[in-house]
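S.K.: Mind looking at a prediction? Sequence and model below.
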Amino acid sequence: MLFSGDSAWTDELARKSRGTDLFLCECCSIEPEAPVHICYREIVAHRAELGCKRMLLTHLGDDVRASGEVEIERAHDGLVIELAR
């Protein structure tokens, strides 16, 4: 499992995602707003570089939660994820 935390996009995230079962990636806006957060547009632009089996967006901004264009799975309150051992 890989967790981005609060971070700007880096190539290291793509490299570390390779082979992971789950990448929890922050996505606090659709468009770039802050240099210390990843936005949906950046994730989409780099999606082909990711090697994770599943991606789950976390740390969602209001615009990400309300958007009908987000095609990547979004976390929600109460979500339970089971990982294989």
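M.R.: Happy to help now that I have it.
S.K.: For stretch 4-22, C-alpha coordinates in PDB please.
M.R.: Extracted in PDB, the C-alpha atoms of stretch 4-22 (Å, rounded to 0.1, in the frame of the first residue of the first chain):
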ATOM      1  CA  SER A   4       0.700  10.000  -0.600                       C
ATOM      2  CA  GLY A   5      -0.200  12.200   2.300                       C
ATOM      3  CA  ASP A   6      -0.100  15.900   1.700                       C
ATOM      4  CA  SER A   7       2.300  16.200  -1.200                       C
ATOM      5  CA  ALA A   8       2.800  17.900  -4.600                       C
ATOM      6  CA  TRP A   9       3.000  15.500  -7.500                       C
ATOM      7  CA  THR A  10       6.400  13.900  -7.800                       C
ATOM      8  CA  ASP A  11       7.800  11.200 -10.100                       C
ATOM      9  CA  GLU A  12       8.700   9.300  -7.000                       C
ATOM     10  CA  LEU A  13       4.900   8.600  -6.400                       C
ATOM     11  CA  ALA A  14       4.600   7.000  -9.800                       C
ATOM     12  CA  ARG A  15       7.800   5.000  -9.200                       C
ATOM     13  CA  LYS A  16       6.700   3.800  -5.700                       C
ATOM     14  CA  SER A  17       3.200   2.900  -6.900                       C
ATOM     15  CA  ARG A  18       4.500   0.100  -9.200                       C
ATOM     16  CA  GLY A  19       3.400  -3.200  -7.900                       C
ATOM     17  CA  THR A  20       1.300  -1.900  -5.000                       C
ATOM     18  CA  ASP A  21      -2.100  -3.300  -4.400                       C
ATOM     19  CA  LEU A  22      -3.500   0.100  -3.300                       C
END
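S.K.: and it, what's its mean pLDDT?
M.R.: Stretch 4-22 carries an average pLDDT of 93.
S.K.: Sort out which residues of that stretch are buried, please.
M.R.: For stretch 4-22, a neighbour-count test (16 or more other Cβ atoms under 10 Å) marks 4, 9, 13-14, 16-17, 20, 22 as buried. Every residue, glycine included, has its C-beta placed from N, CA and C.
S.K.: same question, stretch 36-45
M.R.: Using 16+ other Cβ under 10 Å as the test for burial, stretch 36-45 gives 37-40, 42-43.
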